[in-house]
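Q: Build the 3D model from these lines:
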Amino acid sequence: MEYQVPQFIEVEDKIIGPLTLRQFIYVAGAAGLVVIFFSYLPFLFAALLSLPVAGFGVALAFYKINGKPFIEVLEAGFNYYTGKKLLLWKYTAPTAKETNAAASAAAAAEAAARPVRGAPRLTRGKLSELAWSLDVKSSGGNATSQTP
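A: Residues are numbered from 1 along each chain as shown. Below is the predicted model of the structure:
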């Protein structure tokens, strides 16, 4: 038996004219604040306050940044500024004790890197020869029959 699977589940339905319910609420809320401003405040103050409110309401309803709604970007910014931040590295000038310890560690590393006289050197040819001899011994004496 076949079932119909919804295809576009991330697209909101247009409920009120060309607007989704969320867009309508943002625009209606901004328009309501603008009406209240003009009803109770002098014209100059109402005009100065209503421009940012109307712009914010329109931005919430229609503006998208990198395909994300403006409200999600605002929420992410708010969480960033109010949340704790993890500082991984903060520069502090080294003290004299740390400088001496670093210098002695560098000298010890340099001394350890110098080759010891009389120690055998392992070259690439010797290493491949040793690997070949181990492969031959582990395959039961027959080097040509190797099974995957």
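Q: where does the chain have low pLDDT?
A: 118-119, 137-148 (pLDDT under 70).
Q: can you map out the strands along this structure?
A: Assigned by DSSP state E, the strands in the chain fall at 14-16, 19-20, 64-65, 68-69.
Q: Comparing those, which comes out most buried?
A: For the strands of the chain, the largest average neighbour count (mean count of other Cβ atoms under 10 Å) is found in strand 19-20, namely a mean of 16. (Each C-beta comes from the backbone N, C-alpha and C, glycine too.)
Q: Partner strands of that strand, with direction?
A: Note on strand 19-20: by DSSP bridges, its sheet partners are strand 14-16 (antiparallel).
Q: out of the strands of the chain, nearest to residue 135?
A: For residue 135, the closest of those is strand 68-69, at 56.9 Å, according to Cβ to Cβ.
Q: how deep is the spatially closest residue to residue 102 that is not a sequence neighbour tucked in, by neighbour count?
A: Distances taken as Cβ to Cβ, 6 or more residues apart in numbering place residue 94 nearest to residue 102, at 7.3 Å, with adjacent residues excluded. Per other Cβ atoms under 10 Å, the neighbour tally for residue 94 reads 11.
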